[in-house]
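1. sequence first, predicted coordinates after that:
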Amino acid sequence: MTLETEFERVSLPLENPFTISRGTQTEAVNVVVRISDEGGMTGVGGAAPSTHYGETADTVEAVLPALLDAVERVGDPHALHEIEGELAAVVNGNPAARAAVSIAVHDLAAKRLGVPLHRLWGLDPSAAPATSYTVGLDETERVREKAAEAVEAGYPVLKIKLGTDRDRELIDAVREVAPDARIRVDANEAWTPREAVDKSQWLADRDVEFVEQPVSAEDPEGLRFVYERSALPIAADESCVTLSDVPAIADRCDIANLKLMKTGGLLEARRMIATARAHGLEVMCGCMIESNASIAAAAQLTPLLDYADLDGSLLLAEDPYDGVDLSGGEIGLGDRDRAGTGARLRTE
Ligand SMILES: [Mg+2]
């Protein structure tokens, strides 16, 4: 079969500047991939490259021609295993670029079969956990306002970024306006192991659910120190990048946080979920700041998860793609009768 492929860079301004312990971003640059079959049916996927993992829109655009050549060479959009294997063989690393291609091929395959992707996998849409809504670092008053707005919009789970000398003040401010919300925190590697253990007790007393990436991914012994002493469950994000990291973190955390932009594809993400389960870990799927060209695909995995953190498109001023309905935090996988990932250009 002849497949046609193309890609396009899209700059997506954020609704508000988004700050974590490592820095601030005001826009997300994604690269959208489209793969079409001979009948004109098109699958779409997005890359949301992260400099933390060595990628930019430039590196994505540099490797996409070779990745898309591999897809055209295989020529069968249903040969998902063969294609994802070829993508990993063509380039080392570059997970966001590979994820965009994997998503587009999966979208096309499911569309050709006329089913939503989660149905192709045999998943129950009602099993999807609610997504959290993330509040980035900011002045304490702004964090309070943003948390209040999220509660007002119906989000039942808040993820609060920490890693400042005001962490306790920030959580107190959030708890004032969100007394009943489930709250998770993400330090993005900012704490020392001892500080993380101390803060875990304080956070447990404020009914926080778990702590994500308390210490540097470069300090696996520090992560183990925290895990063995923490008053709260520990999720690994920066310490859990690819499948081979899962066995290494299994005795250092409770929850593996995978992202399509780290795994490099949907099949690899499903393998990572199975591997994490085999090691007794709970599983969460997060995201970068991404349009629905990729978030809608991650949403298809949610019936396999314990926790979802898929609010990346909600932080955009405007998403050119419409996808799975996430309003109020509920992942409405079964709400829209759409084949594939559910991603559609809003102008279509
Ligand atoms: Mg994180």
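-> Now that the structure is in, tell me what you want to look at. These numbers were taken from a predicted model, which means no experiment stands behind them.
2. what is the burial count for the residue of the stretch 151-300 of the chain at minimum distance from the ion?
-> Here the stretch 151-300 of the chain gets closest to the ion at one residue, D237, 3.6 Å apart by C-beta to the ion. Every residue, glycine included, has its C-beta placed from N, CA and C. When neighbours are defined as other C-beta atoms under 10 Å, D237 has 23 of them.
3. before we move on, what about R112?
-> Number of residues near R112 (other C-beta under 10 Å) recorded here: 16.
4. now A62: which helix or strand?
-> For A62, the host element (DSSP states H and E) is helix 57-74.
5. what residues sit buried inside that helix?
-> Using 16 or more other C-beta atoms under 10 Å as the test for burial, helix 57-74 gives A57, T59, V60, E61, V63, L64, L67, L68, A70, V71, V74.
6. pretty sure R166 sits against T140.
-> Yes. R166 is within contact range of T140, at 6.2 Å (criterion: C-beta atoms under 8 Å).
7. where does the spatially most central residue of the chain land in three-state SS?
-> The residue lying closest to the centre of the chain (C-alpha atoms, centre = their mean) is C287, at 1.8 Å. Three-state secondary structure (criterion: DSSP: H, G, I helix; E, B strand; the rest coil) places C287 in coil.
8. residue contacts, it?
-> The contact partners of C287, taken as C-beta atoms under 8 Å, 6 or more residues apart in numbering, are A48, K259, L260, M261, S294, I295, A298, D309, L310, D311, G312.
9. check what pLDDT the fifth one gets.
-> According to the predicted model, the pLDDT of S294 comes to 98.
10. from P129, how far off is it?
-> 19 Å (C-beta to C-beta, to the nearest Å).
11. related to what we said a few turns ago, in helices only, show me the contacts of C287.
-> Under the assignment DSSP state H, these contribute L260, M261, S294, I295, A298 to helices.
12. ok, back up a step: I'd say the residue of the stretch 151-300 of the chain closest to the ion and G286 touch.
-> Yes. Taking contacts as C-beta under 8 Å, D237 lies within contact range of G286: 6.5 Å.
13. and S294 and P129? which has more neighbours close in?
-> Set S294 next to P129 and count neighbours by other C-beta under 10 Å: S294 wins out with 35 against 18.
14. doesn't V33 make contact with that one?
-> No. Counting by C-beta under 8 Å, S294 sits too far from V33 to count as a contact (9.7 Å).
15. what do those two both touch?
-> G45, G46, A47, A100, I103.
16. bridged to the third one, which residues?
-> Going back to what we said before, that points to A47. V31 (DSSP bridges).
17. so what's it up against?
-> Listed by C-beta under 8 Å, 6+ apart, the contact set of A47 reads 30-33, 55, 57, 60, 96-97, 99-100, 261, 294.
18. check the second one too.
-> Contacts for G46 (C-beta under 8 Å, 6+ apart) come out as 30-33, 100, 103, 290-295, 321.
19. I'd like those as TSV, with distance to A274 appended.
-> Below are these laid out as TSV (distance: C-beta to C-beta, whole Å):
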residue	distance to A274
N30	28
V31	29
V32	29
V33	26
A100	23
I103	19
E290	24
S291	28
N292	26
A293	26
S294	21
I295	22
Y321	29
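20. wait, which of those is closest to W121?
-> Of all these, W121 sits closest to I103, with 13.8 Å by C-beta to C-beta.
21. could you list the contact residues of the chain toward the ion?
-> For the chain, the residues in contact with the ion (C-beta under 5 Å from the ion) are D186, E212, D237.
22. among these, name the ones in strands.
-> Using DSSP state E, D186, E212 are the members of these that sit in strands.
23. was I right about D207 contacting R184?
-> No. Here D207 lies out of contact with R184, judged by C-beta under 8 Å, at a distance of 11.1 Å.
24. the two: who's more crowded?
-> Between D207 and R184, counted using other C-beta under 10 Å, the more crowded position is R184 (24 against 12).
25. mind listing what that one touches?
-> For R184, the contacting residues are S132, V157, L158, K159, I160, V208, E209, F210, V211, E212, A235, Y307, by C-beta under 8 Å, 6+ apart.
26. longest strand in the chain, by number of residues?
-> Per DSSP E, the chain has its longest strand at strand 4-20.
27. buried stuff in that one?
-> Neighbour-count burial for strand 4-20 [16+ other C-beta under 10 Å]: T5, F7, V10, L12, L14, F18, T19, I20.
28. ok, the last one touching E189?
-> No. Using C-beta under 8 Å as the test, I20 is too far from E189 to be in contact (9.6 Å).
29. identify the contacts common to these two.
-> In contact with both I20 and E189: G163, using C-beta under 8 Å, 6+ apart.
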